[in-house]
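Enquirer: kindly generate the corresponding structure for this input.
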Amino acid sequence: MLVYLVRHGEAVPAETDPLRPLSAKGQAEVEATAKQLLAEGAKVDEIWHSGKLRAKQTAEIIARVLNVSKVIEKKGLKPDDAVAPIADLIRKTDKNILIAGHMPFLGELADLLGKKVEGFESGGVVGISF
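Expert: Model prediction:
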C-alpha cells in the first residue's frame, strides 16, 4: 500500500480572491507533479482532499492526469487538523491513497507515518510505502 501526499499548488492571495483558487503557476505545478507521477507508474485508487478550493483543484488535476475516478472530500484534512485520525484511516486501508492537502498538516502526517519531510514546496509530492 502506498500513500502519496501532495501539497496543493500555489494559490492566489486572499486579497485577490478569499477562496484562494490555484494560480496559473499553481495549476502548472500540479500538472507537472501529476505527469511525474504518471511517468513513474503511480497507481492511485482514491484521491482525498480537504474541500478547500486549492486542494480540490489540485485533486481534480491529478485525477484527470492519472485517470482516477474516486475523488473524495474528506473531513480532517484542513491545515491545522490533528493528523492521528487520518493516519489511522490510512493504516486500515489496502488502497493506494493520494492526499491533496496543506501545510502544516501534510508535514505532520508524513512525520507520524515515518517520513521526515523538509521543504515541502507547493505542488510537491512525497510517497510513503507500507
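Enquirer: how about Leu98, nearest residue that isn't a chain neighbour?
Expert: With Cβ to Cβ, 6 or more residues apart in numbering as the measure, Tyr4 is the residue that lies nearest to Leu98, at 4.2 Å, once sequence neighbours are left out. The way it works is simple: take the backbone N, C-alpha and C, and place the C-beta from them, glycine included.
Enquirer: endpoints of stretch 112-125, how far apart?
Expert: Across stretch 112-125, the terminal residues are separated by 16 Å (Cα to Cα, to the nearest Å).
Enquirer: I'd like the mean pLDDT over it, please.
Expert: For stretch 112-125, mean pLDDT rounds to 91.
Enquirer: sec struct for the residue nearest to Leu98, please.
Expert: Following DSSP: H, G, I helix; E, B strand; the rest coil, we place Tyr4 in the strand state.
Enquirer: ok, now which ones touch it?
Expert: Tyr4 makes contact with Leu37, Ala42, Val44, Asn96, Ile97, Leu98, Ile99, Val125, Val126, Gly127, Ile128 under the criterion Cβ atoms under 8 Å, 6 or more residues apart in numbering.
Enquirer: just the ones of those in strands?
Expert: When strands are assigned by DSSP state E, the members of the contacts of Tyr4 inside them are Ile97, Leu98, Ile99, Val125, Val126, Gly127, Ile128.
Enquirer: what's the separation between the fourth one and Met103?
Expert: So that's Val125. Taking Cβ to Cβ, to the nearest Å as the measure, Val125 falls 13 Å from Met103.
Enquirer: which neighbours do these two share?
Expert: Residues touching both Val125 and Met103 (Cβ under 8 Å, 6+ apart): Arg7.
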